[in-house]
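In: sequence unavailable; structure follows:
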């Protein structure tokens, strides 16, 4: 789960990472009130989970209430790369002397944590990595050892941070490592990490991705889940406990297993179609799960055909076939289904389906054949 | 021959008394696997369908000589169970648990490397390993596997592993061993570990490798194939059309930027001399053609 900047800053604060004081606002009047509290000049920052807010006009400096009101009016409701701005963060503007970069993430190749620090912050760090790789100092951290202050101090020195920032930056890195590990982050990134003209180091931004698998030991994450922005289809799928991602095509997809579901998207694409979604029903493709999956896909107005791709392993195909037949009785589908059912007990499964096959339920033995039929029913290849 | 397991492998199931542990443990035994013990703290002295249950792995090992473990416990207890098995001298641990926090995985992976370098962990979040006709540890359906080789299979995805087994078995092409390494961020066993083992196994004459988007495991495997593999490799990478930046079920399947895309992985594998198929069916067909030329 990605956090909004304001949530990331609150999360940082739990671990003692210094951030700018500020508050959130959902209306123009609230922005002015928050600005009053923070003290002018203030920065009004759009809260969206996408990069490039500044360039899109989503971050503005206000010197007085009139400016705060004008910026708030412009930013609230703004569309940034498809993300509607519903909330802003208002904080006292910092006097920035230098901008740095700091992050922790897992280096999957090394199977160790990776800390990256750069004196060239405030800009697209991937750009820095591509054009000036030497400007980023890297340190692998073995989780068994943890991060000692001395190693953090050596890293900020290697990164070339200004001498007056180093002590505070090293301490901040140790706190950020605690936030990343104990706080179960997939990513904890500060860009920019600033040195103010008064000589203070703090986080001016916060990019935090939480590991959903760790939610069970973080009851405090509930407030973050409430603000997750899901579209209607995704909301319905989440209610029903399905692993669903909405896409923009016309062929609805149901498959068992994430790999097979991804593969199903690929095959639909290869024969010239486009998928309306990713939906993994997992191992147990019984009637309840299948009916729930079909309901979610049925709620998507763009869907013209549904490709159900099931490979029976432990879940036997005859059980899956029974589940599909029962689900069809429960859900009033707008679109025809093309079904590919293979694996354990496939023949028994096809016998069960034989009486139900029609122009609304088409059975095809192969993935490619079924994909072609589903794409044809959805209006043909591009 | 097979890799990692064979007909002499003795398995202790950690979590045998749970519903999942019982279901899969007994299935594995029915397949012919030597399931010699179960472990559930507090349930020592009982049995599950005749399989003795012990309080600790150490007790199970002392009593039965178990040398492999099958970990079927919830995410909260998985890290402790894995380390306990390693400390008891188990050399091969299969963990199918899905939903373990990445921080825990990074910690127990590095603990194993440091304190128990002779122990191999497969998974977590993987379907397990099957050497057809000899040993099945995990959740793979034994019915779809065909003994005798000559193909070794290694895969990051569960259902696509089954699909690969099925496609080959239908064409009467057998498998030496089929290993599901799982799609989590810190897998205990990598593609390269499996490729190297297949390369060294005289009965394995070709390898099918199934990858997916996210991470760089396929790129690393490609470098290994280029340098060290003499046996033919057929690859398929799922997720060509996955939208950037979205998680698709597996924690491992995340694309960020251009790195980790299916296209980049396929290009690297093709460059390494592997045969790259565009879908699982085609991968099966390519492998059948290759096996014909080996005969």
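Out: Good, I have the coordinates. It should be emphasised that the depicted structure is a prediction, and the values quoted were computed from it without experimental measurement. Residues are numbered from 1 along each chain as shown, chains lettered A, B, ... in the order given.

In: report the buried residues of stretch B:282-295.
Out: B:282, B:283, B:284, B:286, B:287, B:288, B:290, B:291 (16 or more other Cβ atoms under 10 Å in any protein chain shown). The C-beta positions use only the backbone N, C-alpha and C, and glycine is treated the same way.

In: now do the helices in chain B.
Out: Listed in chain order, the helices of chain B (DSSP state H) span B:19-31, B:57-64, B:75-87, B:102-115, B:158-170, B:191-200, B:217-228, B:262-271, B:280-294.

In: among those, which is the most enclosed?
Out: Most buried of those, by mean neighbour count (mean count of other Cβ atoms under 10 Å in any protein chain shown): helix B:158-170, with a mean of 26.

In: can you identify each of the strands in the stretch 201-350 of chain A by residue range?
Out: A:201-203, A:207-210, A:243-246, A:251-255, A:277-280, A:305-312, A:337-343 (DSSP state E, counting those that start in this stretch).

In: can you lay out those as TSV showing mean pLDDT?
Out: What follows is the strands of the stretch 201-350 of chain A, written out as TSV (pLDDT from 0 to 100):
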stretch	mean pLDDT
strand A:201-203	96
strand A:207-210	93
strand A:243-246	87
strand A:251-255	95
strand A:277-280	92
strand A:305-312	93
strand A:337-343	92
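
In: who wins for proximity to residue A:102 among those strands?
Out: With Cβ to Cβ as the criterion, residue A:102 lies closest to strand A:201-203 of those, at 8.4 Å.

In: for that closest one, name the packing helices and strands.
Out: On a contact count with 3 or more Cβ pairs under 8 Å, 6 or more residues apart in numbering or on different chains; DSSP states H and E, strand A:201-203 meets helix A:163-182, strand A:185-196.

In: what's next to it, contact-wise?
Out: A:9, A:12, A:17-20, A:94, A:165, A:168-169, A:172, A:190, A:193-196 (Cβ atoms under 8 Å, 6 or more residues apart in numbering or on different chains).

In: so residue A:159 sits against residue A:117, correct?
Out: Yes. With contact defined as Cβ atoms under 8 Å, residue A:159 and residue A:117 form a contacting pair (4.2 Å).

In: which residues do those two both contact?
Out: Jointly contacting residue A:159 and residue A:117 under the rule Cβ under 8 Å, 6+ apart are A:100, A:136, A:137.

In: domain map for chain B?
Out: Domain assignment for chain B by automatic domain parsing gives B:10-122, B:141-294.

In: how long is the last one from one end to the other?
Out: The stretch domain B:141-294 measures 28 Å between its terminal residues, going by Cα to Cα, to the nearest Å.

In: repeat for stretch B:206-219
Out: This stretch, stretch B:206-219, spans 19 Å end to end (Cα to Cα).

In: most tightly surrounded among the helices and strands packed on strand A:201-203?
Out: Buried most deeply of the helices and strands packed on strand A:201-203, by mean count of other Cβ under 10 Å, is strand A:185-196, with a mean of 23.

In: and that strand, does that touch chain B?
Out: Yes. Where contact is defined by Cβ under 8 Å from any Cβ of the partner chain, part of strand A:185-196 touches chain B, namely residue A:186.

In: which other helices and strands does that strand contact?
Out: With contacts defined as 3+ Cβ pairs under 8 Å, 6+ apart, strand A:185-196 has these neighbours: strand A:96-107, helix A:163-182, strand A:201-203, strand A:207-210.

In: break chain A into its domains for me.
Out: Per the record, chain A has its domains at A:21-92, A:96-226, A:232-377, by automatic domain parsing.

In: with mean neighbour count and distance to residue A:226 added, can I get the strands of the stretch 201-350 of chain A in TSV?
Out: Below are the strands of the stretch 201-350 of chain A laid out as TSV (neighbours: other Cβ atoms under 10 Å in any protein chain shown; distance: least, Cβ to Cβ, whole Å):
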stretch	mean neighbour count	distance to residue A:226
strand A:201-203	23	24
strand A:207-210	21	14
strand A:243-246	21	19
strand A:251-255	29	28
strand A:277-280	26	24
strand A:305-312	28	32
strand A:337-343	24	35
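
In: can I get those strands in TSV including distance to residue B:202?
Out: Putting these into TSV (distance: least, Cβ to Cβ, whole Å) gives the following:
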stretch	distance to residue B:202
strand A:201-203	57
strand A:207-210	46
strand A:243-246	41
strand A:251-255	37
strand A:277-280	38
strand A:305-312	31
strand A:337-343	31
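
In: nearest to residue B:231, of these?
Out: Proximity to residue B:231 (Cβ to Cβ) singles out strand A:305-312 among the strands of the stretch 201-350 of chain A, at 26.7 Å.

In: and the closest one, how far from the chain's centre?
Out: Strand A:305-312 has its C-alpha centroid displaced from the chain centroid by 26 Å (Cα atoms, centre = their mean, to the nearest Å).

In: re the thing from before, which of the domains of chain A sits most buried?
Out: Highest mean neighbour count among the domains of chain A (mean count of other Cβ under 10 Å): domain A:232-377, with a mean of 21.
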